[in-house]
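Visitor: Quick check, what structure comes out for this input:
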Amino acid sequence: MTWGNPPPFKPDPPKQGKIIQPEDLAGDSEDSQQMALFCWAALNVGKYPELKWLHAIPNGGSRHMVEAIKMVAAGLRSGVWDVFLPLPIQTEWAKQYAGLYIEMKAADKKTKKNGGLSDDQLNFGGYAELVGYYCAVCYSWEEARDILVKYLEVKV
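Guide: Numbers count the residues shown, from 1 in each chain. As a prediction, this is how the structure comes out:
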């Protein structure tokens, strides 16, 4: 080989990445369970296209005081539930729902007072049900997945 005649460039074939599964993300925290749920949703949007619009509402968590003030000024409201699917349905029993709210909680909160829900969360859930939303508190991504499937298949 000389400098004037380098060997032909042969790029390495692209590596096939491993598809992340919900189980890869699910840990003991509420956040990890919610990430696993959204991973499942991304993997199943082909079967349930409405999952494209499933979204999180970041009302909880620790924030710097300045950031918290900005978020409240921009519309953040204490108690609003974590996950929302904007899809109205009518069940075969003539019950109508305007959409689905899910509040994710860590499994260890299940045995706590009110299932780990704050007073603000209880109030929001009560209001949302009153005005026609289907609401569910879930303690794992699997519970949330099952609720979503039942809702999407109009079996709630």
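Visitor: for the protein, where's the lowest mean pLDDT among helices and strands?
Guide: helix 65-73 (a mean of 86; mean pLDDT, DSSP states H and E).
Visitor: what residues does that one touch?
Guide: With contact meaning Cβ atoms under 8 Å, 6 or more residues apart in numbering, helix 65-73 is reached by Arg63, Leu76. C-beta here means a position set from N, CA and C on the backbone, and glycine is covered the same way.
Visitor: Over to stretch 77-93?
Guide: So stretch 77-93 is in contact with 30, 34, 37, 50-51, 53-57, 59-60, 96-104, 118-125, 128, 135, 144, 148, 151-152, 154, 156, going by Cβ under 8 Å, 6+ apart.
Visitor: List the ones among the residues you listed that fall in helices.
Guide: Counting by DSSP state H, the contacts of stretch 77-93 place 30, 34, 37, 119-125, 128, 144, 148, 151-152 in helices.
Visitor: got a winner among those for most neighbours?
Guide: Neighbour counts for those, by other Cβ atoms under 10 Å, peak at Leu37, which reaches 28 neighbours.
Visitor: pLDDT value on the closest residue to it other than its chain neighbours, please?
Guide: By the measure of Cβ to Cβ, 6 or more residues apart in numbering, the closest residue to Leu37 outside its immediate chain neighbours is Trp141, 4.2 Å from it. Trp141 is assigned 98 on the pLDDT scale.
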